[in-house]
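Colleague: fold the following.
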Amino acid sequence: MELLKMTNISKAFFGVTVLENVTLEVETGEVHALIGENGAGKSTLMNILAGVHYKDGGNIVFNGKELSNTSIKGAENAGIAFVHQELNIFNNLKVYENLFLGKELVNTFGKLKKKEMIEETAQLMNALGVDIDPQELADHLDTGKKQLLEIAKILHSDAKLFILDEPTTALNNKEIENLFEIIDRLKGIGKSFIFISHKMPEIFRTADKYTVLRNGKFIKSGLIKDTSPETIAKYMVGENYSNHEMYEERKLGNTILELKKLSGQGFSDVDFSIKSGEIVGLTGLQGAGCSEVLQTVFGVLKPQSGQMFVHGREIKNNNIRNALKNKVAMVAANRKENSILTDMTILENTCVSEHVINCRQQHIFKKREIRKYFRLKDTLNIKANSHNDYITSLSGGNQQKVILARWLNTEADIILFDNPTQGIDVGAKSEIYRLILNLSKAGKTIIVNTLEIPEIQKIADRCVVFYHGRIAVSLKRQEINEQTVMLHATNAINATGIKAEVENVQSK
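Modeller: Now for the predicted structure:
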């Protein structure tokens, strides 16, 4: 039975058309994947459905009733719940307070039923298969648990349709599978989902149908069982789609960064060196210590012991400002919390790190900054109307490109990428891979932390696998494959009979 029908939906912002006659149909008890590149119009379409934006044209029928430019509250009352890509957690509230915000349980005298809310929160977290204390302050949660709290908030509602916009970006494999099991269970009792993701394995694991948007237009809809990831990728990017290996052999320079027995928060005894122009991929299971190593090199976290050398000079008492002066830059994970400055323009976000380095300079030369921005805009293919627009006016992928532009503007020699393609579509990923390779050819040293092994295969000269905060193995380029990496990342390599299996895999 049809639950949702959106017909000929159109929308423009400041004269720029972002949706043009888009159609979307979702059945009761269905998981429908909404797919497209960043800027394709997916979030705008969902924001119209959820009452965040008004449509300029078209018709929406939900559960047999027409929705005509409804409000956020009106959409919620109709039975539509939305987990946005950007987290909307109140860090100064406890977990259970976030969950029940606006729908608190009270007794006949209006007093909060705190005990019942805490117990109900604990039950929901158990169902999600995650260990989150209902009375923990949200600010103390890591990004993955904040994302699970965001998901728990809508699963707690009695909605008919759940919109999940990139819900797994910060989750580990176990948490992702728990989420999918909950989706399967809710689908079995007639709940429907619109699932927005750039991760093809997830789409093919959970979705029944799909709809592809490109440049604000409807491209294709159909059954997941009747298509393939390659076909969908072609629908997403059109004639520009390419699935070939990008890696290029390059001449490497001298050692530029060296870690000796470095230990810190989440990792220990890391011995590691990298040459000028080299690209190294770090990987491991969620929480293996890769991100913490990058944060320590960049001065976010303090090392507990060991040494770090940049250009042969030992770096002591490192902090972010010193890292910038030593020409080390970092594209952090979770751009909303760690990178973008929401109340600043695109230009200001691009130039802010340069201002930190040159803090003694009394004047800002705006014309020069604008010239730099436009050069970087062309290099990174940033899709933006004006440099004076707020960065929040951009899609997630284009926000990420602005963060890359920020660090390129500092002329850093060493660039650390922590999950650089998180929440980015296949087309934008290719652009970032190509950019990383071009940077390395220009002599930049690149370290990329990612959980996606195909990403490492496309760009890296070697792969360093972490297990429980220690380096498990360093793999040459020809040794990198998903089976070998996973055997080391899970320490299965030490299980009986596994070593022979790895040697067999590598010999093929």
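Colleague: hang on, T392 in a helix?
Modeller: Yes - assessed by DSSP: H, G, I helix; E, B strand; the rest coil, T392 belongs to a helix.
Colleague: show me the contacts for it.
Modeller: Residues in contact with T392 (CB atoms under 8 Å, 6 or more residues apart in numbering) are I340, T342, Q399. (Glycine included, C-beta is placed from N, CA and C.)
Colleague: and for N21?
Modeller: Counted by CB under 8 Å, 6+ apart, N21 has contacts N8, I9, S10, G57, G58, K217, F218.
Colleague: so which of those is surrounded by the most neighbours?
Modeller: I9 (24 neighbours; other CB atoms under 10 Å).
Colleague: three-state assignment of it?
Modeller: strand.
Colleague: please name the nearest non-neighbouring residue to it.
Modeller: G58 (3.7 Å; CB to CB, 6 or more residues apart in numbering).
Colleague: measure that neighbour to L19 for me?
Modeller: 8 Å (CB to CB, to the nearest Å).
Colleague: helices of the stretch 51-200 of the chain, start to end?
Modeller: All helices of the stretch 51-200 of the chain, identified by DSSP state H, counting those that start in this stretch, fall at 72-78, 95-99, 114-128, 143-155, 173-188, 200-206.
Colleague: ok so, going back, if I look at G58 and L19, which residues touch both of them?
Modeller: With CB under 8 Å, 6+ apart, G58 and L19 have common neighbours I9, S10.
Colleague: and the regular element (helix or strand) spanning T350, how far from the chain's centre?
Modeller: With secondary structure defined by DSSP states H and E, T350 is part of helix 346-357. Remark: helix 346-357 is offset 22 Å from the chain centroid, using CA atoms, centre = their mean, to the nearest Å.
Colleague: now it - C-alpha only, PDB.
Modeller: In PDB, the C-alpha atoms belonging to helix 346-357 read as follows (Å, rounded to 0.1, in the frame of the first residue of the first chain):
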ATOM      1  CA  ILE A 346      32.700  30.600   3.100                       C
ATOM      2  CA  LEU A 347      35.600  33.000   2.700                       C
ATOM      3  CA  GLU A 348      36.100  33.400   6.400                       C
ATOM      4  CA  ASN A 349      36.100  29.600   6.900                       C
ATOM      5  CA  THR A 350      38.700  29.300   4.100                       C
ATOM      6  CA  CYS A 351      41.000  31.800   5.600                       C
ATOM      7  CA  VAL A 352      40.700  31.300   9.400                       C
ATOM      8  CA  SER A 353      43.700  29.000   9.800                       C
ATOM      9  CA  GLU A 354      45.900  31.500   7.900                       C
ATOM     10  CA  HIS A 355      44.800  34.100  10.400                       C
ATOM     11  CA  VAL A 356      45.900  31.900  13.300                       C
ATOM     12  CA  ILE A 357      49.400  31.500  11.800                       C
END
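Colleague: which parts of the next helix or strand after it are buried?
Modeller: The element immediately downstream of helix 346-357 (helix or strand, assigned by DSSP H and E) is helix 366-380. Buried residues in helix 366-380, counting neighbours by 16 or more other CB atoms under 10 Å, are found at E369, K372, Y373, L376, K377, L380.
Colleague: where does the stretch 301-450 of the chain dip in pLDDT?
Modeller: 334-339, 355-363, 422-428 (pLDDT under 70).
Colleague: actually the chain, sorry about that
Modeller: 38, 85-86, 170, 239-245, 334-339, 355-363, 422-428, 492-508.
Colleague: can you list the domains in it?
Modeller: 2-89+141-240, 254-327+412-478, 338-411 (automatic domain parsing).
Colleague: tell me which of these approaches E116 most closely.
Modeller: Closest approach to E116 among these (CB to CB): domain 2-89+141-240, 13.2 Å.
Colleague: distance between that closest one and the chain's centre?
Modeller: With CA atoms, centre = their mean, you get 16 Å for domain 2-89+141-240.
Colleague: do the same with stretch 247-256
Modeller: That offset, for stretch 247-256, works out to 28 Å (CA atoms, centre = their mean).
Colleague: over to stretch 286-297?
Modeller: 16 Å.
Colleague: and what of stretch 111-125?
Modeller: Worked out by CA atoms, centre = their mean, stretch 111-125 lies 30 Å from the chain centre.
Colleague: can you check stretch 120-128 too?
Modeller: That offset, for stretch 120-128, works out to 25 Å (CA atoms, centre = their mean).
Colleague: CA atoms only: put that stretch into PDB for me.
Modeller: Output of stretch 120-128 as PDB, limited to C-alpha atoms (Å, rounded to 0.1, in the frame of the first residue of the first chain):
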ATOM      1  CA  GLU A 120      12.600   3.800  29.200                       C
ATOM      2  CA  THR A 121      15.900   5.300  27.800                       C
ATOM      3  CA  ALA A 122      17.900   2.300  29.100                       C
ATOM      4  CA  GLN A 123      15.500  -0.100  27.400                       C
ATOM      5  CA  LEU A 124      15.800   1.700  24.100                       C
ATOM      6  CA  MET A 125      19.600   1.700  24.300                       C
ATOM      7  CA  ASN A 126      19.600  -2.000  25.100                       C
ATOM      8  CA  ALA A 127      17.400  -2.500  22.000                       C
ATOM      9  CA  LEU A 128      20.000  -0.600  19.900                       C
END
